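In: below are the sequence and a predicted model; questions follow.
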Amino acid sequence: MSFLLNALKGFVHRMLQLLSFGKKQISNSLSIFVKSGGNTLTVELDPTWDIKNLKEIVAKQLGLEPDEVKIIFAGKELGNNIKISDCDLGQQSILHAVKIQTRAKTVFPEPCSSLIEESEDQGSKPLCETLSDTMFSNEDNSKSSSNLDADTQISEEGTNKRKVHFYVFCPTCKALKSGKLRVRCHFCKSGAFTVHSDPQKWSDVLEQKQITGLCENSSELCADVLNNREPTFAEFYFKCSEHTSLGEQDQAVPLYLIRPNLQDVPCLACADVSDPVVVFPCTEGHVTCLDCFRQYCTTKLMERQFWQHPEYGYTLACPAGCPDSFIKEIHHFRLLTDVQFFFQYAQYQRFGTEEFVLRSGGVLCPQPGCGMGILADPECTKITCISGCGYVFCRNCLQGYHIGECRDADNENNINSEGCSYSVDPARASEARWDEASKVAIKVLTKPCPQCRTPTERDGGCMHMVCTRAGCAFHWCWVCQTPWTRDCMGSHWFG
């Protein structure tokens, strides 16, 4: 009996070997998604395979021959001899499989027709292999293209070019990460899109409708564009390369001022050579390391010297004082989101919001611990912090709301200090005040009488307040900080 069982096991094992003969064995699995029309296929690949092997797998599932399929990724039709490992793929990356169709060449009006090139049957190299770091310099391509051969770094073997590097702020990782450049159709947002030419400078990537291409998606939107003889434009976007892809909607913000330091330029502040660096958008392209950039931002933030630019927002310029050097993409200040700098970025957000409110004609709630931004009509003097602490105050003097003209509270306690020759550091003097804590507590826990401004604390009961100061006896509402009326009685007498 055991002899028969062993013979049966051997027969099954040989049959499995015969069935698996000719199939490629996966030694290092890479799981990707292949989209074709409305279908999405999950494919396990080995990075050592080439695109031809991928076509053989995909064609069978689509009911096509391998020669009838072309693979599109990041705006390129990939050639058969391209290795999977050279395509800058990650786990759950998305490729597009399209059936090859013979179509008439569309004639576009100038100047777009000069950009159109017929694709080769074998496709081309992926976008990550055709871009060079020097294409993304501070200046236009006129300078970078002339120095392309000199600036491109060669590996120790002398055969491989250094690939282009991008840096992004990833909203998923919430940190500075290396990024990938991706392409889709500007109109239908389909990734089955091939570009007619590679981007040559940052404006080609960041600005819309700079590079044309061919959209393989048969949507009505792109059909209308072609029927109107309009060029189909590419839309570039970035993804984080350090986490598993979350689909085509997974995007990151490009931090295009952060560059690999290919030329070993020293930092403007500390003179050290580091990589990567921040290159300011000035004519000279001044360079700082990331640590000095954080220190520069922190110092300017503490001194409230950020600039509220009408177009770019709360930003900074080049530390060398160069003209027209404001940082346009304020996500670069996300470098202050490290554990060490998290508090500084929270301050940056708060200061930027406050500056926007003030420049918009608004006012900030003066109650300690609140600071809510309030946009009110210019002629309104009685301000209520509705969405914040509920404090009611005078817009002119920022004190509790009162009847009559404003009085300068600081002048009431002024002391003539003329003739005092003792020099005191103002910053230390502001901290060395014995009664400062008591003053803050009084301002938080009390409200001033609208008539005589005597600080009043409510310890329970109704909202009907009667000032106990001699000669005042003013009846007022704790909520409205106005004279007590029947409306107050009906609305919030007991809260």
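Out: Ah, there it is.

In: quick one: the strands in the stretch 251-400 of the chain?
Out: In the stretch 251-400 of the chain, the segments counted as strands under DSSP state E, counting those that start in this stretch are 253-254, 258-259, 277-279, 287-289, 307-309, 313-315, 363-364, 373-374, 382-384, 392-394.

In: make a markdown table out of these and add mean pLDDT and distance to Ile327.
Out: Every residue, glycine included, has its C-beta placed from N, CA and C. Output for the strands of the stretch 251-400 of the chain, formatted as a markdown table (pLDDT from 0 to 100; distance: least, Cβ to Cβ, whole Å):
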| stretch | mean pLDDT | distance to Ile327 |
| --- | --- | --- |
| strand 253-254 | 92 | 13 |
| strand 258-259 | 90 | 11 |
| strand 277-279 | 92 | 9 |
| strand 287-289 | 92 | 12 |
| strand 307-309 | 87 | 9 |
| strand 313-315 | 90 | 5 |
| strand 363-364 | 86 | 25 |
| strand 373-374 | 84 | 23 |
| strand 382-384 | 85 | 34 |
| strand 392-394 | 86 | 36 |
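
In: partner residues bridging Lys83?
Out: Lys83 has these beta-bridge partners by DSSP bridges: Asp50.

In: count the neighbours of it for me.
Out: Using other Cβ atoms under 10 Å, the number of residues around Lys83 comes to 14.

In: residues touching it, list them.
Out: Contacts were defined as Cβ atoms under 8 Å, 6 or more residues apart in numbering; by that measure Lys83 touches 47-50.

In: stretch 170-178: which residues count as buried?
Out: 170, 176-177 (16 or more other Cβ atoms under 10 Å).

In: oh sorry, the question was meant for stretch 248-267
Out: Using 16+ other Cβ under 10 Å as the test for burial, stretch 248-267 gives 248, 250-262, 265, 267.

In: okay, how far is it across it, tip to tip?
Out: 37 Å (Cα to Cα, to the nearest Å).

In: tell me the helices in the stretch 151-300 of the chain, going along the chain?
Out: 202-206, 220-227, 290-302 (DSSP state H, counting those that start in this stretch).

In: and the longest one, what does it pack onto?
Out: Contacts of helix 290-302 with other secondary structure elements, assessed using 3 or more Cβ pairs under 8 Å, 6 or more residues apart in numbering; DSSP states H and E, are made with strand 277-279, helix 342-359.

In: circling back: lowest-confidence stretch among the helices of the stretch 151-300 of the chain?
Out: Lowest mean pLDDT within these: helix 220-227, at a mean of 63.

In: ok, back up a step: among the helices and strands packed on helix 290-302, which is the most enclosed?
Out: Stretch with highest mean neighbour count among those: strand 277-279 (a mean of 23; mean count of other Cβ atoms under 10 Å).

In: how about residues contacting it?
Out: For strand 277-279, the external contacting residues (Cβ under 8 Å, 6+ apart) are 138, 257-259, 261, 265, 267, 285-290, 293, 332.

In: ok, Met463 touching Trp493?
Out: Yes. The pair Met463 / Trp493 is scored as a contact, 6.0 Å apart, by Cβ atoms under 8 Å.

In: neighbour count for those two, which is higher?
Out: The neighbour count for Met463 versus Trp493, taken as other Cβ under 10 Å, is higher for Met463 (18 against 14).

In: separation between that one and Val363?
Out: As judged by Cβ to Cβ, to the nearest Å, Met463 and Val363 stand 25 Å apart.

In: kindly report the same for Lys300.
Out: Note on Lys300: its distance to Val363, by Cβ to Cβ, is 25 Å.

In: more crowded one of those two?
Out: Using other Cβ under 10 Å, the more surrounded residue of Lys300 and Val363 is Val363, with 19 against 16.

In: quick check: bridge partners of that one?
Out: Going by DSSP bridges, Val363 forms beta bridges with Ile374.

In: doesn't Ile57 lie inside a helix?
Out: Yes. Going by DSSP: H, G, I helix; E, B strand; the rest coil, the assignment for Ile57 places it inside a helix.

In: list the contacts for it?
Out: Residues in contact with Ile57 (Cβ under 8 Å, 6+ apart) are Val43.

In: and the pLDDT at Ile211?
Out: Note on Ile211: pLDDT of 90.

In: that one against Pro231, yeah?
Out: No. Using Cβ under 8 Å, Ile211 makes no contact with Pro231, being 9.6 Å away.

In: and the longest strand along the chain with helix 290-302, angle?
Out: In the chain, assigned by DSSP state E, the strand with the most residues is strand 175-185. Relative orientation of strand 175-185 and helix 290-302, computed by axes from the mean of the first three to the mean of the last three Cα atoms, to 10 degrees: 100 degrees.

In: gap between strand 175-185 and the chain center?
Out: Relative to the mean C-alpha coordinate of its chain, strand 175-185 is positioned 11 Å out (Cα atoms, centre = their mean, to the nearest Å).

In: elements contacting it?
Out: Using 3+ Cβ pairs under 8 Å, 6+ apart: strand 175-185 touches helix 127-130, strand 166-170, strand 193-195, strand 212-215, strand 232-240.

In: please redo it, this time with the cut-off set to 10 Å
Out: Packing partners of strand 175-185 (3 or more Cβ pairs under 10 Å, 6 or more residues apart in numbering; DSSP states H and E): strand 69-73, helix 127-130, strand 166-170, strand 193-195, strand 212-215, helix 220-227, strand 232-240, strand 253-254.

In: tell me which of these sits nearest to Trp202.
Out: Closest approach to Trp202 among these is made by strand 253-254 (8.7 Å; Cβ to Cβ).

In: quick one: that closest one to chain centroid distance?
Out: Distance of strand 253-254 from its chain centroid, counting by Cα atoms, centre = their mean, is 5 Å.

In: over to stretch 253-269?
Out: Centroid displacement of stretch 253-269 relative to its chain, using Cα atoms, centre = their mean, is 18 Å.

In: cool, and stretch 240-249?
Out: Distance, centroid of stretch 240-249 to centroid of chain: 15 Å (Cα atoms, centre = their mean).

In: perfect, I'm done here.
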